[in-house]
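Enquirer: sequence plus the predicted model coming up.
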Amino acid sequence: MKVAEIKELNDADLKEKIQTEKAQYHQMKLNHAVSPLENNSQIKAARRNIARLETILRERELNK
């Protein structure tokens, strides 16, 4: 998800998206521990996507 797409979301949608992304990330880590994923970079991409979402949310909180 790109930054421009993230900035289009409102705060409630952004918080919901963070929760779903975190759930998917934890599920991905669990699945990887049981049987390795074909593409390990998916874990890294998910972690960075969560960080992007949280950064945009924090910027909004500071600007209010």
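Expert: That came through, no problem.
Enquirer: from here on, just use CA atoms for contacts and neighbour counts.
Expert: Fine.
Enquirer: confidence-wise, which helix or strand of this structure is lowest on average?
Expert: One helix or strand of the chain scores below all others by mean pLDDT, DSSP states H and E: helix 3-8, with a mean of 91.
Enquirer: which residues sit against the following helix or strand past it?
Expert: Moving toward the C-terminus from helix 3-8, the next helix or strand (DSSP states H and E) is helix 11-34. For helix 11-34, the surrounding residues in contact (Cα atoms under 8 Å, 6 or more residues apart in numbering) are 6, 37, 43, 46-47, 50, 53-54, 57.
Enquirer: out of the residues you listed, which two sit at the greatest distance?
Expert: By the measure Cα to Cα, Leu37 and Leu57 form the most distant pair in the contacts of helix 11-34, at 30.0 Å.
Enquirer: check contacts around the most centrally placed residue in the chain.
Expert: In the chain, the C-alpha nearest the mean C-alpha coordinate belongs to Ile50, at 2.5 Å (Cα atoms, centre = their mean). Ile50 sits next to 18, 21-22 when contact means Cα under 8 Å, 6+ apart.
Enquirer: cutoff 10 Å now
Expert: With contact set as Cα atoms under 10 Å, 6 or more residues apart in numbering, Ile50 has these partners: 1, 17-22, 25.
Enquirer: look up how far His26 lies from it.
Expert: Computed as Cα to Cα, to the nearest Å, the Ile50 to His26 distance reads 12 Å.
Enquirer: quickly find the element holding Glu59.
Expert: Here Glu59 is covered by helix 41-63, with elements defined by DSSP H and E.
Enquirer: any chance of the contacts of helix 11-34 in JSON lines, with distance to Asn31 too?
Expert: Below are those laid out as JSON lines (distance: Cα to Cα, whole Å):
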{"residue": "Ile6", "distance to Asn31": "27"}
{"residue": "Leu37", "distance to Asn31": "8"}
{"residue": "Ile43", "distance to Asn31": "11"}
{"residue": "Ala46", "distance to Asn31": "14"}
{"residue": "Arg47", "distance to Asn31": "15"}
{"residue": "Ile50", "distance to Asn31": "18"}
{"residue": "Leu53", "distance to Asn31": "23"}
{"residue": "Glu54", "distance to Asn31": "24"}
{"residue": "Leu57", "distance to Asn31": "28"}
